[in-house]
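In: build me a model:
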Amino acid sequence: MNRFAKVCCVTFVCFGFAGCPSRHDPLLDSFQIHPDFEIALVAKEPVVLDPIDMEFDEHGRAFVVEMPGYPFMEEKGRVILLEDKNRDGVYDQRHVFCEGLNFADAILPYRGGLLVAAPPDLVFIKDTNGDNVADVREVWLTGFAVENPQHNFNGLTHGLDNWIYGANGGNSGNVYWPGDSLHRIPLRDDDFRMNFDVRKFERIGVSAGGYGFAFDEWGRIYGFRMRLKRISTYTRVKIKAASFVSHRRRACRACNRALSATISRVSLRIWAIATNGGAIRRRGFWSSDRRQRQ
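Out: Here you go, the predicted model:
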């Protein structure tokens, strides 16, 4: 957890060990990346410690989630604001923006502040006086399960529809708005989305993704999940109102390039998105015209 890589535009940003002496450390030569990309060291200990997520806000400021207590979580998480004082491209100063965040594992810039996944809560934090310390801290959603920290909800992402999306992580929970505990929404194995303007929280289909996901230009969601020696990537597409299809591709040592599909059905009609015309699956048969037959 002492290393962290993040794609920003066409540059890979790398957090490294304290022993990395420069931005162009020879250790970076061990990374294999596409020739159109560049990798550079931008922060190292003690400026950043135990980083697990990083986001840039609308002002270009870099915020990092640190999880010092993993996996036992005896020490709570914090959000750090990084600063490059001498403008040499390497962050050299840290500000503890917010600390005491229970199990914090993901952040998302939102309305001048940050949304923080800190189960059992989704927290909003904001600095209103410009001292680089959050003076606003509000619980906007609660009820997410607090269990194995590597399966907590995470992956806060802006959707193309202006909703905020999140990955289940696998721990589930019974989510509700503060002050309205009578109307709890069982998360089960579903990922989710939320709209704070209309105060809505919705499940979007089975996945229980491991850590994070992202949208492509077509609105498809890509997620990541790793179990033992097997890695899975998920794609979910909204075909029409409340209709989603999950497509999973696995790569493992035992079965190289094996392809499988999981279908999440939240409406009466599901259209397949698959590379093969017809294949028998656990929940039905995909015909050559890509309709599902029971």
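In: contacts for stretch 126-137, please.
Out: Residues outside stretch 126-137 that contact it (CB atoms under 8 Å, 6 or more residues apart in numbering): 79, 81, 95-98, 111-114, 123-125. Using the backbone N, CA and C atoms, a C-beta is placed for each residue, glycine as well.
In: in the residues you listed, find the pair that's most separated.
Out: V96 and R111 (21.6 Å; CB to CB).
In: residue contacts, the residue nearest to Y211 when sequence neighbours are not counted?
Out: Spatial nearest neighbour of Y211, chain neighbours left out: N154 (5.6 Å); criterion: CB to CB, 6 or more residues apart in numbering. By CB under 8 Å, 6+ apart, the contact set of N154 is D53, D105, A106, A117, G166, A167, G169, Y211, G212.
In: burial of the closest residue to D92 other than its chain neighbours, as a residue count?
Out: Leaving aside its chain neighbours, D92 sits nearest to K85 (5.4 Å; criterion: CB to CB, 6+ apart). The number of residues packed near K85 is 9, by other CB atoms under 10 Å.
In: which of the helices or strands spans K85?
Out: Counting by DSSP states H and E, no helix or strand carries K85.
In: report pLDDT for it.
Out: What the model reports as pLDDT for K85 is 93.
In: where does the stretch 1-150 of the chain have low pLDDT?
Out: Along the stretch 1-150 of the chain, segments meeting pLDDT under 70 span 1-24.
In: between the contacts of stretch 126-137, which sits nearest W218?
Out: The nearest member of the contacts of stretch 126-137 to W218, counting by CB to CB, is R111 at 27.0 Å.
In: contact partners for that closest one?
Out: For R111, the contacting residues are K126, by CB under 8 Å, 6+ apart.
In: for it, give its distance to E138.
Out: The gap separating R111 from E138 is 12 Å, by CB to CB, to the nearest Å.
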